[in-house]
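>>> Just the structure for this:
(chains A and B)
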There are 2 protein chains.
Amino acid sequence: MNKRIITISREFGSGGHTIGKTVAEELGIAFYDQELLEHIAEETGFSREFIKSAAEDSTANYSLLFNMVVNRSFQLRNEPTPADTVFFAQMKIIQNIAEQEECVIVGRCSDYILRDRKDCLNVFIYADAEDREKRIIERYGENDKPVRKRIADKDSRRRTYYSHYTDRSWGMPQNYHLCLNSSALGEKSCVSIVCRLFQESRNGDV
Amino acid sequence: MNKRIITISREFGSGGHTIGKTVAEELGIAFYDQELLEHIAEETGFSREFIKSAAEDSTANYSLLFNMVVNRSFQLRNEPTPADTVFFAQMKIIQNIAEQEECVIVGRCSDYILRDRKDCLNVFIYADAEDREKRIIERYGENDKPVRKRIADKDSRRRTYYSHYTDRSWGMPQNYHLCLNSSALGEKSCVSIVCRLFQESRNGDV
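Numbers count the residues shown, from 1 in each chain, chains lettered A, B, ... in the order given. Just a heads-up that it's a prediction; the model follows:
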């Protein structure tokens, strides 16, 4: 089956964003990470800051979203929260993008949102703790919170958000087609494995 | 770092055994799966059948093994069970093999037993439920137990055995360098990704 879409889920500080961006550049296809924020802001009227925080907000209305997303039933039982509105808009935007063009999409439950498509390659990037700490300090700098605490908080928010809007556990291999440890393999090898699989699928080898 | 050892952990029915065997053949290195049973039988005097069942036996003496394996302290607090004796012998055998030759080792907590070595590539192979069912029926035939139940029981025994003898959860990406879904990627692609990484590490690229 020809793969047209690559979804990248990633641990904070694993290099997943960079790997996704490089894959898109090497394959010459579109890249969506922060770029999605613009689309969602346009669709919902919320600010980029609010959308960013909502993406890791676990206070959304689970029963409503479970009803919407899993059972595909759109009958409102309760008022959606603003976070629900963001999720619902991003679901629609990601589905539209996937329909229109070959691309790499980072995060935002895109593996789950596109789960019924056969043309997605779902990748999870993770890394060793020491490496993640180093990358976060290099990229975002120090702040008052110890880096380990920043990682634990971010992981916890991503895990909660993902399980909140899906019927799955974040970071379990079964959600993805391949999971790559960027510390052990190096960013370059991760990029090359994903690019090669995408290209082989175009040739009908996968 | 030059990788000399490939450990393959795998879900029952995922094709992990076949993938490991093909990798070993393509790389021209030794392959250990059932072959380990002979060594353990020789070392312990137990039958192959007992060793096979002990490898998924969760009644072993956890506190003793935790003491032995994790704290590296070999002071006996309690009598080891026969399953403990098997695990301890297999630990020694796997460590010796890893010292002596390039090889592929399937299962038996080898990723954990060799965790301090820098020359191991740890791989986890998993697959979609439908594919696992099909492979199990093809390979082992039908029996009185529904195939879904056979899979659930085997997974549960492997999970319990692994967490019993290690301080980790079986099948979590963080235990491995890469996790490959053989249903999505195909056995051929899995073999080629692992072989390429092994060869690149020889060239100093990983």
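>>> Please make it C-alpha for all contacts and neighbour counts, starting now.
Will do.
>>> Get me the contact residues on chain A for chain B.
Contact residues, chain A versus chain B (CA under 8 Å from any CA of the partner chain): A:126-128, A:171-174, A:176-181, A:184-186, A:189, A:193, A:197, A:206.
>>> Next step: those restricted to strands.
Mapping those onto strands (DSSP state E) picks out A:Tyr126, A:Leu178, A:Cys179, A:Leu180, A:Asn181.
>>> and the first one, how many neighbours?
Around A:Tyr126 there are 26 other residues, counting by other CA atoms under 10 Å in any protein chain shown.
>>> before we move on, back to that, now the residues of chain A next to chain B: which count as buried?
A:126-128, A:171, A:173-174, A:176-181, A:184-186, A:189, A:193, A:197, A:206 (16 or more other CA atoms under 10 Å in any protein chain shown).
>>> Identify the residues contacting A:Leu180.
Residues near A:Leu180 by CA atoms under 8 Å, 6 or more residues apart in numbering or on different chains: A:Val123, A:Phe124, A:Ile125, A:Tyr126, A:Cys190, B:His177, B:Leu178, B:Cys179.
>>> and what of A:Ile19?
A:Ile19 sits next to A:Glu187, A:Lys188, A:Cys190, A:Val191 when contact means CA under 8 Å, 6+ apart.
>>> so it is in which element?
helix A:16-27 (DSSP states H and E).
>>> For the contacts of A:Ile19, give me JSON lines that also has neighbour count, distance to B:Phe87 and pLDDT.
Below are the contacts of A:Ile19 laid out as JSON lines (neighbours: other CA atoms under 10 Å in any protein chain shown; distance: CA to CA, whole Å; pLDDT from 0 to 100):
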{"residue": "A:Glu187", "neighbour count": "21", "distance to B:Phe87": "36", "pLDDT": "95"}
{"residue": "A:Lys188", "neighbour count": "14", "distance to B:Phe87": "37", "pLDDT": "95"}
{"residue": "A:Cys190", "neighbour count": "25", "distance to B:Phe87": "34", "pLDDT": "97"}
{"residue": "A:Val191", "neighbour count": "22", "distance to B:Phe87": "38", "pLDDT": "98"}
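>>> Among those, name the ones in helices.
A:Glu187, A:Lys188, A:Cys190, A:Val191 (DSSP state H).
>>> Could you save those as TSV and add columns showing distance to B:Lys134?
Putting the ones in helices among the contacts of A:Ile19 into TSV (distance: CA to CA, whole Å) gives the following:
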residue	distance to B:Lys134
A:Glu187	35
A:Lys188	36
A:Cys190	31
A:Val191	32
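>>> and after the helix holding A:Ile19, which helix or strand comes next?
With elements assigned by DSSP H and E, the helix or strand that comes after helix A:16-27 is strand A:30-32.
>>> Okay, helices next: where are they in chain A?
Assigned by DSSP H, the helices in chain A fall at A:16-27, A:35-44, A:48-54, A:62-65, A:82-100, A:110-113, A:129-140, A:147-165, A:182-185, A:187-202.
>>> comparing those, which gets the lowest mean pLDDT score?
When the helices of chain A are ranked by mean pLDDT, helix A:62-65 comes last with a mean of 48.
>>> I'd say A:Glu187 and A:Gly15 touch.
Yes: using CA atoms under 8 Å, A:Glu187 is in contact with A:Gly15, at 7.2 Å.
>>> for A:Tyr112, what are its contacts?
A:Tyr112 sits in contact with A:Thr166, A:Asn175, where contact means CA under 8 Å, 6+ apart.
>>> swap the cut-off to 10 Å and go again
By CA atoms under 10 Å, 6 or more residues apart in numbering or on different chains, A:Tyr112 lies in contact with A:Thr7, A:Val69, A:Met91, A:Asn122, A:Tyr162, A:Tyr165, A:Thr166, A:Asp167, A:Arg168, A:Asn175, A:Tyr176.
>>> For it, give its distance to chain B.
Using CA to the nearest CA, to the nearest Å, A:Tyr112 is found at 15 Å from chain B.
>>> Report the separation between that residue and A:Trp170.
10 Å (CA to CA, to the nearest Å).
>>> again, but for A:Asp144
28 Å.
>>> between these two, who's got more neighbours?
Neighbour tally, A:Asp144 and A:Trp170, criterion other CA under 10 Å: the higher count belongs to A:Trp170, 23 against 6.
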